[in-house]
Structure formats: structure tokens, C-alpha cells
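Enquirer: got a sequence here, can you build the structure:
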Amino acid sequence: MIDVSLILNAVVAVSIGLGAIFAVIQLRELARERKTELVISLFSQYISQLAEPYSVLFSEEFADVAEMEKKCSFAGLFKLASYYEAVGLMVKRELVDVQLVMDYLPIADVWEKMKPWALRYREKTKHPSYWEYFGYLANRTKQYDSGIISEGVIAG
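Expert: Residues are numbered from 1 along each chain as shown. Sure, this is the predicted structure:
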């Protein structure tokens, strides 16, 4: 005859294993939900706070960086660059859904338009790392758009 304590030990072991599996599934789901919430928050901020500098940046042509700063304002350009810098850092640290960010935001276009300003800002402040993650994000987006990166992973 089978010992009751043996059966109870087996039931406890199975219960603990199932509980652990359930916990891992829940944690993964929670992490995915957090990433989604963060991306939604980023998009909301983009629309509410950056629409004006973005629209000026793309509705005008600029002979040089000084003209860009005059028409867009230094503050507007700084806000845009800071926003994309923060998004680039979050992408690099895998805190947000990379594909969603790249599909939604006009990253490469904004970088190309702002690149002369960003490089000049680096020179002016003598900080070559300014806008590093913005540039990283733009390069990553170009790879993604060209098919070099697929599903957030470099295609092989």
C-alpha cells in the first residue's frame, strides 16, 4: 500500500512547480504590459509636447544651423533631441518595445533633419556623447527599415 505522506509530498512538489510556472508567466506578462504602457506614455508626450517643434522642423528648409535655431527655437530643438535621446536609451536598454517605437516614430527622418544641429551642439559644448542614443536609435531604425534588423533582432 502507498504511504499517504508520500502522496502528499508528491502533491506539494507538483503544486510548487505549477506555482513557479504560473509566477514566471505572470512576471513576463507584467513586463510586457509595462513596456506597452511606457510606449503609450511616450507617444502621448510626443503628441502633446513636441508637435509644434516637429511641425516647424519639417515645414521649413534651413540654410544652416543658425537659421534652424532661429525658426525652430533652441528650446524646441533641444526638447525634440532630448525626447529622442531618452527613447534611444530606453530602446538600447530594452525597456520599450523596439518594433513599436520604430514603426510609430519618424526617427530616421528627424535625425537626418536635426543631425547638423546635434553635431554642432556636441562641438559647442565639447561633449561628444550628447545625442548619442538619438543617433543610435536613428541607425538602428535605418537597419530595421532596410531589413537588416527583423523582429528587433539583427537578421542573419
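
Enquirer: helices and strands around the longest helix that the chain contains, which ones?
Expert: Longest helix in the chain by number of residues, with DSSP state H as the criterion: helix 4-59. The elements that helix 4-59 packs onto, with contact taken as 3 or more C-beta pairs under 8 Å, 6 or more residues apart in numbering; DSSP states H and E, are helix 65-72, helix 74-92, helix 98-104, helix 107-125. Just so you know, the C-beta spots here come from the backbone N, C-alpha and C atoms, and that holds for glycine as well.

Enquirer: of those helices, which is nearest Gln49?
Expert: Gln49 lies closest, by C-beta to C-beta, to one member of these: helix 74-92, at 6.8 Å.

Enquirer: about what we covered before: now the helices and strands packed on helix 4-59 in JSON lines, with mean pLDDT, distance to Glu37 and mean neighbour count?
Expert: Shown next, in JSON lines, are these (pLDDT from 0 to 100; distance: least, C-beta to C-beta, whole Å; neighbours: other C-beta atoms under 10 Å):
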{"stretch": "helix 65-72", "mean pLDDT": "94", "distance to Glu37": "30", "mean neighbour count": "16"}
{"stretch": "helix 74-92", "mean pLDDT": "93", "distance to Glu37": "12", "mean neighbour count": "18"}
{"stretch": "helix 98-104", "mean pLDDT": "84", "distance to Glu37": "12", "mean neighbour count": "17"}
{"stretch": "helix 107-125", "mean pLDDT": "95", "distance to Glu37": "20", "mean neighbour count": "17"}
